[in-house]
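S.K.: Predicted coordinates and the sequence they were generated for:
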Amino acid sequence: MALIVLDATEGLTEQDQKVAGIVERYAKGAIFLLNKWDIVQEPEITYKRLISDLERKMWFLNYAPVITTSGIEKKRITKIFPVIDEIISERKKRITTAEMNRLIRDITSGAPLPLFKGKQVKIFYMTQIKTEPPAFVIFSNYPEGIKGPYVRHIEKCLRDRFSFRGTPVRIYKKLKT
Ligand SMILES: Nc1nc2c(ncn2[C@@H]2O[C@H](COP(=O)(O)OP(=O)(O)OP(=O)(O)O)[C@@H](O)[C@H]2O)c(=O)[nH]1
Ligand SMILES: [Mg+2]
């Protein structure tokens, strides 16, 4: 689990982006702390700006909670602990194959699968293969036909329904004939 401490008075730096990238690559849970909040001018405007910067520069951790803190004044530090507990439990969560099938049915009816080499791509089912981090496999007749944007759409729908707040998930594709 990573607590990514950002200096709220400084904004997001390239170094912060690198650190966040490493956290995602190693599939660790993540919380952003906007620290030094005690000396932030115009907190409302600054908060909005930092949130939009996070969305733009740290889009790959868009599921990570954000907490404003002050290390010096020891403000809101205790708010971190229940969030850590929540992420630990999100990382251990298991979704049944029946629930996954309902999800896939809803996704494919809303966003039809493309053709691949003139053939209809099908998803037969999707199943969770592990936890910490949660990882899933999509079984398809043409795995290469399910491109990045469609996989990201599946991840978004997965999170809309099952949360997985604060944790990366992995989605793999496998051939099934
Ligand atoms: N006002 C305020 N100061 C803080 C807080 N947390 C840490 N500091 C102060 O910030 C200083 C260290 O932080 P930074 O200099 O940003 O540390 P750093 O980011 O590791 O180092 P730099 O790369 O030099 O920025 C110390 O003087 C701390 O007392 C906080 O919540 N509020
Ligand atoms: Mg600093």
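M.R.: Noted; the coordinates are in hand. Ligands and ions are numbered 1, 2, ... in the order given.

S.K.: switch to C-alpha atoms for all contacts and neighbour counts from now on
M.R.: Fine.

S.K.: could you pull out the strands for this structure?
M.R.: Along the chain, counting by DSSP state E, strands occupy 2-7, 30-35, 66-68, 115-116, 119-120, 123-130, 135-140, 170-175.

S.K.: what about the fourth one, average pLDDT?
M.R.: Read it as strand 115-116. Averaging pLDDT along strand 115-116 gives 96.

S.K.: again with the fifth one
M.R.: This predicted structure assigns strand 119-120 an average pLDDT of 96.

S.K.: quick one: strands adjacent to that strand?
M.R.: If you go by DSSP bridges, strand 119-120 pairs up with strand 115-116 (antiparallel).

S.K.: and this structure, what are its domains?
M.R.: The chain resolves into domains spanning 2-92, 97-175 when parsed by automatic domain parsing.

S.K.: Turn the ones you listed into CSV, columns for mean neighbour count.
M.R.: Shown next, in CSV, are the domains of the chain (neighbours: other C-alpha atoms under 10 Å):
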stretch, mean neighbour count
domain 2-92, 16
domain 97-175, 16
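
S.K.: Can you tell me which residues in this protein are near ligand 1?
M.R.: 35-36, 38-39, 70-72 (C-alpha under 6 Å from any ligand atom).
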